[in-house]
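Q: Give me a 3D structure for the following:
(2 chains)
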Amino acid sequence: MFKLVSSQCLILIFCTGCMTTSKQDTVILSHVLADRISRNLIIEEIRIIDSGGQLLTIQATLRNNKTSPYDFKYLFEWFDDQGLQVYAPASSWVRRTIQGKQILNFTGIAPSEKARDWRLQIQPWDK
Amino acid sequence: MKYISQHKQRLIIFLGAFALFVACQTGPKRIDSASDQGVTSMGADYNEMVEWAQTLTQRMLQDGFLDSAEYQPHPVRMVISDIENKTDISQLPKEIVLGRVRAALRNSGKVRYVSTYGSDAKDSMTRDSQDLRNDPLFNASQVPRAGQASVARLSLRTQFLFHAARTKTQKQNTYEVRMFVTDIANGEIVWEGFSDPIMKVSKRRSVGF
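A: This is a model prediction of the structure:
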């Protein structure tokens, strides 16, 4: 269902869910589609908060290894337990600039409790 | 005479070239709203307003105040309070932001909105239906009984803010949205947040003599 992210992404996972560590990297990698972004933009961490009663929350941490700023945009998409996309009324591509050598966090919160799966797309922002 | 003739000739060529240029201009085309091809103005553009809605909704949900025991069981009732436009855009389409924030919060299952009063997305049909009780055209038993309409527990107040700065050569416009939620039971603000600011810079036209 999900495309694989490029190998340049280093992902460390801190997960409050119940997935095992060995499988986590593969699972998380398959949720991030970022093959068009600069090699110098590193996804350093994906943090998943999936505790009972709370909306599924994903936080991504990006690091810019270059000294120059980089413009990018990201989009979180949400899926129910059958893989169908969940409607998110306020969902949109969010445009950001990461400064040189900066570490930047951004968060996605599931639109409803129906959302049990997610996908994060990151693309360059052509200003 | 020869000079005038040459002058006319150049004018005709210029006008012809201009007409050709205008004729070759492409007409309107539909673009993907998610793409980066949209017009970037010095004001707040559509995509930016949708971004505001997303970030504000997320900040409100992430804060966790809606999950506190006071507002259980979900959904808690909310009403849209005043919306202030303090920007330089007189016809700011506030509904682009407010509508999405409202829809997203309702969709989360934590909030339900009251449409009988407030400043946005009001629906007069609840009140108007009461007037049908004595209208012989209608079945009076189907008119909702008095005292059934809900009173909101929370109120959402919105301000669209603007700051302008300029130098001799550049000008900068900054827009952001401030929202706060008041608990109507006691008048206390239970959440307050800002969108990320949208900053636009452009070169000012130089005055030539």
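
Q: Which residues are in contact with A:Gln123?
A: By CB atoms under 8 Å, 6 or more residues apart in numbering or on different chains, the residues touching A:Gln123 are A:34, A:36-37, A:72-74, A:93. Any C-beta I mention is one placed from the backbone N, CA and C, and that applies to glycine too.

Q: Grab the nearest non-local neighbour of B:Arg157.
A: B:Ser81 (4.3 Å; CB to CB, 6 or more residues apart in numbering or on different chains).

Q: Give me the helix or strand of the chain that scores worst on average pLDDT.
A: Since no chain was named, I'll use chain A. Scoring the helices and strands of chain A by mean pLDDT, DSSP states H and E places strand A:12-15 at the bottom, with a mean of 42.

Q: pretty sure B:Arg106 belongs to a helix, no?
A: Yes: secondary structure assignment places B:Arg106 in a helix (DSSP: H, G, I helix; E, B strand; the rest coil).

Q: give me the number of residues near B:Leu92?
A: For B:Leu92, the neighbour count with other CB atoms under 10 Å in any protein chain shown is 19.

Q: How about the contacts made by it?
A: Shown in contact with B:Leu92 (CB under 8 Å, 6+ apart): B:44, B:85, B:160.

Q: Mind giving me the PyMOL command for buried ones among those?
A: PyMOL command restricting the contacts of B:Leu92 to the buried ones, with burial defined by 16 or more other CB atoms under 10 Å in any protein chain shown:
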select buried, chain B and resi 44+160
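
Q: Just the buried residues out of the contacts of A:Gln123, in ChimeraX syntax.
A: Of those, the buried ones go into a single ChimeraX selection, burial set by 16+ other CB under 10 Å:
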select /A:34,37,72,73,74,93
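
Q: From the contacts of A:Gln123, pick the one nearest chain B.
A: Among those, A:Trp93 lies closest to chain B (CB to the nearest CB), at 5.0 Å.

Q: residues from chain A in reach of chain B?
A: Taking CB under 8 Å from any CB of the partner chain, the part of chain A that reaches chain B is made up of A:53-55, A:57, A:73, A:75, A:87-95, A:107-109, A:111-113, A:125-127.

Q: Just the buried ones from these?
A: Buried by 16+ other CB under 10 Å: A:54-55, A:57, A:73, A:75, A:88-95, A:107-109, A:111-113, A:125, out of these.

Q: Export the contacts of A:Gln123 as JSON lines, with columns for distance to B:Thr167.
A: Output for these, formatted as JSON lines (distance: CB to CB, whole Å):
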{"residue": "A:Ala34", "distance to B:Thr167": "38"}
{"residue": "A:Arg36", "distance to B:Thr167": "36"}
{"residue": "A:Ile37", "distance to B:Thr167": "34"}
{"residue": "A:Phe72", "distance to B:Thr167": "29"}
{"residue": "A:Lys73", "distance to B:Thr167": "29"}
{"residue": "A:Tyr74", "distance to B:Thr167": "33"}
{"residue": "A:Trp93", "distance to B:Thr167": "32"}
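
Q: Next step: the contacts of A:Gln123 restricted to strands.
A: In this view, these that belong to strands under DSSP state E are A:72-74.

Q: Could you pull out the helices in chain A for me?
A: A:21-29 (DSSP state H).
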